[in-house]
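Engineer: Compute the structure for the input listed below.
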Amino acid sequence: MRSVPRGRTYRVILVSLFSAVIGLAGGAGWNISFGQASANLGIQVIELLPSSYLKEPGENVTVQATIINNGSADAQGFSVRMKYRAEGSQDLQDLFCLPASCNNLSLSAGKTTVAFGTLDTRALSSGRYLILVEIIQNSVVQSSQETSLLIGVDRPEFHPTSLTFSPPSPAPKGSLLTVRVQIENTGKPVSLLLPNILPTLEVKFEYCQEITEGACVEFSSQGFQDGTGGTIRRTSAELGALSTGQPLQVTNRLDTTNLPTGTYLFRVGVRGVDNLSGNELDELDNGNNEIITHLRIDPPGGVGPNRPICQLSGSVNALAKGVGRSTVKVVYLGIDEVGRFDLKAFTEDDVEKSGCQVVPKSLDPPLASGISMRSFLFDQFQLLYVGLSNGELLVVDLKNTLNGVDALVSRKVRVSGTSQPLMSLSVRPEGGSEQVFIGTGDGRLYRVSVPRDSSSRIQSPSVQLCANVSRAINVVRDFQGNIYFGADNGALYRMSDVACPGTPSQIFTAPSAVTTLDVDRVLSFDTTVLRIYVGTKNGTVHALADTGRELPKSPMAFGAEIKQLQSNKLDQQSTAYAATGDGKVWCIDMQTTTVKPSFESDSKQAINTLAIDKETGLVFAGSADNNLYVLNAACQRRDKRSTLGPIKANMVLEVLKDFFGSPTEIRALYGGGNGLYSTPIPISTAD
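Structural biologist: As a prediction, the model looks like this:
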């Protein structure tokens, strides 16, 4: 056996549970290739004949999917499956696939074959339909791809999907800034507007210096070098991509020499104009034609080492990382885009190699303006849950994301019948069931179950009311068969996670609203006991026994709202970490309920989020003062990294280990403002 050289670093990714409140690290796994010959099936192209656009329902549409084997071995015994769905629906319908071209297929290495399907459109309504083609082998989807069919759509639908910069933020003053916007048309193709309409697309670039977060005095186009007055026009002859359903990229350049340093808002608006009449084109939706994002300009030579790997079109409020089909690693980002929440998905290569310059996959259809994210959770079953302000739950299947990010497999269900916001989420970790418990703004506790079909695809979730305590439920935790949840009147409840509906027991009452909660077992006199830690809005932390009885030395008063509680066990020593609204992280010995010296941020602004590496005890604290602080297990500062804006989202931690399994580095993936960062921290800094 060939020896393995010492000192070489291998990547081991922690499969973790992440939420907007808590991140728990789990087990590790290897991904090693020994170079055996294997097949690699993929979908090269999907064509719709006679066209991807029909003036009205009635015609049969032929689907031609070209399948390619990019591997080094022949593929045997695979099939092709075709389905379709209306835009906005997740209910896939079977589409006839010619058996001779779709069933029990074989394909030599390097060769292609064509699968044929037929869609009868006579019973369909006008609208946009998505055609899904999947390659199935041994009952597992190996590859898949979607394309769209438009029926009877009589208007275009232009909207920007991303806004990026080169150099990325923070850009040095004096640099020539390239501003790049991606634009899509999800309505009637531009080519089909002719000859009655001669379309031109106007793309206007503007900026202003930010005074307070998200606000400035007046937008200006002064200094943009391309177009007229910051507006670039694309004629019908140049809009070919928007006729074929592909994105159009438009760029403009801005000399930053005369701009003061600071943070800026950049805005790009698009609108279609008929050159024949001079009138603005009527679109399917005229309310989504603008995109706004931040850019910071620093003094020359003053750009710090912690540059973002990606710059997004809005602030990063949540993130998760999963493995889609064909083992493609996917990064999911919850983005607040000036009054509208969107979920964007990039492959790991898109993030690390291209800086998110590709067009991401987003929610289809997008959420309406004014709907925001209130809670976020990524569970061990590769399901991502987003609790929305309108009482709906969005469930995204990370495991079955198609071809990495060709589609977001999602379901949406109304949980709160009174449109109350979904304040808190907690998965049921035991039993292998895909269930999540949800606390709402009107005091209701729900259990949502997410079934899967025979192909492991998620189906419509079922909702069950578990309890009603009449006061907003701010935090929910499922631990070892029990649900613990805290309300804004200070009450802490407990009930069995299988007794739904049931009657919860009130086991404790805090003097103010419960804001955060941690439940764990700790070592006490050679046995383990359950401990409950409750954080409140008035800045107290209460340490409770399993009965709800307050322990000696409790409560502990920290003087500012407790934003988050997390615990960790390192070398048999259990520590609770309390992050506060005045920028501190307090360490609490869970065996003795003793408070240790605390960490304090530079500006005393709130610590919004914590992440803990369970093995090394390294604590990552994301702050509202635009900094990531790295602490050791005793709350002592070890590192600090600056960001474009406040760190609001949960963090994803990866451990890099050497061949012998010893950790060498922690890599933190996190968002600061509209920047996405990947920060390596050597393990030695935890010593």
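Engineer: ok, Gly240 - contacts?
Structural biologist: 190-191 (CB atoms under 8 Å, 6 or more residues apart in numbering). Every C-beta, even on glycine, is put in place using the N, C-alpha and C of the backbone.
Engineer: pLDDT value on it, please?
Structural biologist: Listed pLDDT for Gly240 reads 71.
Engineer: Now do it against Ala115, distance only.
Structural biologist: 28 Å (CB to CB, to the nearest Å).
Engineer: same check, this time on Leu394
Structural biologist: Separation of Leu394 from Ala115 (CB to CB) stands at 32 Å.
Engineer: Tyr629 now?
Structural biologist: Taken as CB to CB, the spacing of Tyr629 relative to Ala115 amounts to 54 Å.
Engineer: got a pLDDT number for the nearest residue to Thr643 once chain neighbours are set aside?
Structural biologist: Once flanking residues are discounted, Thr643 sits nearest to Gly672: 2.4 Å by CB to CB, 6 or more residues apart in numbering. Per-residue confidence (pLDDT) for Gly672: 88.
Engineer: now swap in Pro99 and tell me
Structural biologist: Looking at Pro99, its pLDDT stands at 91.
Engineer: Name the helix or strand for Val351, please.
Structural biologist: Secondary structure assignment for Val351, by DSSP states H and E: helix 348-352.
Engineer: Phi, psi for Ser101 please.
Structural biologist: The main-chain torsion angles of Ser101 are listed as degrees, to the nearest 10 and equal phi -100, psi 0.
Engineer: how deep is it tucked in, by neighbour count?
Structural biologist: Neighbour count of Ser101, defined by other CB atoms under 10 Å: 16.
Engineer: picking that back up, and the residue nearest to Thr643, how many residues sit next to it?
Structural biologist: Gly672: 25 surrounding residues under other CB under 10 Å.
Engineer: Tell me the bridge partners for it.
Structural biologist: Gly675 (DSSP bridges).
Engineer: do you know how far it is from Asn627?
Structural biologist: 8 Å.
Engineer: which residues are in contact with both of these two?
Structural biologist: Residues within reach of Gly672 and of Asn627 at once, by CB under 8 Å, 6+ apart, are 643, 647.
Engineer: got any ranges where the stretch 201-350 of the chain has weak pLDDT?
Structural biologist: Applying pLDDT under 70 to the stretch 201-350 of the chain flags residues 214, 241, 243-245, 301-305, 324-328, 337-339.
Engineer: ok, which stretches of it are strands?
Structural biologist: 215-216, 231-235, 248-255, 262-274, 290-298, 310-311, 315-323, 329-336, 341-347 (DSSP state E, counting those that start in this stretch).
Engineer: for this protein, what helix or strand is lowest in average pLDDT?
Structural biologist: The helix or strand with the lowest mean pLDDT-type score in the chain, counting by mean pLDDT, DSSP states H and E, is strand 23-24 (a mean of 30).
Engineer: can you map out the helices along the chain?
Structural biologist: Along the chain, the segments classed as helices by DSSP state H run 99-102, 348-352.
Engineer: What residues sit buried inside the first one?
Structural biologist: Read that as helix 99-102. Along helix 99-102, these residues count as buried under the neighbour rule (16 or more other CB atoms under 10 Å): 101-102.
Engineer: If you tally nearby residues, what's the number for Gly370?
Structural biologist: If we define neighbours as other CB under 10 Å, then Gly370 has 10 of them.
Engineer: again with Tyr332
Structural biologist: By the measure other CB under 10 Å, the count of residues near Tyr332 is 26.
Engineer: any idea how far it lies from Pro451?
Structural biologist: Distance, Tyr332 to Pro451, using CB to CB: 22 Å.
Engineer: you'd agree Arg457 is up against Lys399?
Structural biologist: No. Distance between Arg457 and Lys399: 9.6 Å, which falls outside the contact criterion (CB atoms under 8 Å).
Engineer: Tyr677 touches Gln311, doesn't it?
Structural biologist: No. With contact defined as CB under 8 Å, Tyr677 and Gln311 do not form a contacting pair (10.5 Å).
Engineer: Out of those two, name the residue with the larger neighbour count.
Structural biologist: Gln311 (28 against 22).
Engineer: Setting the sequence-adjacent residues aside, check what's closest to Thr147.
Structural biologist: According to CB to CB, 6+ apart, the nearest residue to Thr147 is Ile46 (4.4 Å).
Engineer: Can you give me the neighbour number for the one you found?
Structural biologist: Residues contacting Ile46 under the criterion other CB under 10 Å number 20.
Engineer: and it, bridged to which residues?
Structural biologist: The partner residues for Ile46, given DSSP bridges, come to Ala65.
Engineer: show me what contacts the residue nearest to Tyr629 when sequence neighbours are not counted?
Structural biologist: When the adjacent residues along the chain are set aside, Tyr629 lies closest to Ala621, with 4.4 Å between them (CB to CB, 6+ apart). Contacts for Ala621 were tallied using CB under 8 Å, 6+ apart; they are 579, 585, 599, 601, 607, 609-610, 628-631.
Engineer: From those, which land in strands?
Structural biologist: Here DSSP state E is the test, and these give 579, 585, 599, 607, 609-610, 628-631 as lying in strands.
Engineer: From the residues you listed, pick the one nearest Ala86.
Structural biologist: Within these, distances to Ala86 taken as CB to CB reach their minimum at Thr609, with 37.9 Å.
Engineer: What's opposite Phe116 in the beta bridge?
Structural biologist: Assigned bridge partners for Phe116, using DSSP bridges, are Gln64.
Engineer: Is there a neighbour count for it? I'd like the number.
Structural biologist: One way to gauge burial is a neighbour count; for Phe116, by other CB under 10 Å, it gives 18.
Engineer: Am I right that it is in contact with Gln64?
Structural biologist: Yes. Using CB under 8 Å, Phe116 is in contact with Gln64, at 6.0 Å.
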